[in-house]
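Engineer: Structure of the sequence below:
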Amino acid sequence: MKLGAFSISLAVKNITVSKAFYEKLGFSVFAGDIERKYLIMKNEDTLIGLFEGMFENNILTFNPGWDQSANALDSFDDVRDIQKSLKNQGISLNQEADENTEGPASITFIDPDGNAILIDQHR
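Structural biologist: Numbering: from 1, shown residues only. Predicted coordinates for the structure are as follows:
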């Protein structure tokens, strides 16, 4: 199963404070909009999303169709195919993609330890 680019999406209390902290660790702004309270920070191939007020807990995020620099991949597993595979393996989904569509879609589910996982396809 090809899940694409990986990042952790952090629910932060103050995006400005978090941005400054992660800059001290060598991260720089890669994408996002601080005025809209979200940033994607990057340090080499490591991505961290900072999200103020958008969700309660941290989320493991995968982006099918993208590499770690948000470049389109020629070959990737569509989120709907990933969804079918997960369901066939008995994994319950909190949010499902419409299997009758193409292009951008997302699914969410929880791992055995309560960690939220988002598979978010943008193309």
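
Engineer: got a list of what the nearest residue to Val12 once chain neighbours are set aside touches?
Structural biologist: Counting by C-beta to C-beta, 6 or more residues apart in numbering, Val12 lies nearest to Ser18, which is 4.1 Å off, once chain neighbours are set aside. Bear in mind the C-beta positions are built from the backbone N, C-alpha and C, glycine included. Going by C-beta atoms under 8 Å, 6 or more residues apart in numbering, Ser18 touches Leu10, Val12, Leu50, Glu52.

Engineer: Look at the third one and give its secondary structure.
Structural biologist: Going back to what we said before, that points to Leu50. Here Leu50 takes the strand state, with states given by DSSP: H, G, I helix; E, B strand; the rest coil.

Engineer: Surely it touches Tyr38?
Structural biologist: Yes: counting by C-beta atoms under 8 Å, Tyr38 is a contact partner of Leu50 at 6.6 Å.

Engineer: picking that back up, neighbour-wise, give me the winner out of the contacts of Ser18.
Structural biologist: Top of those by neighbour number is Leu50, holding 26 neighbours under the definition other C-beta atoms under 10 Å.
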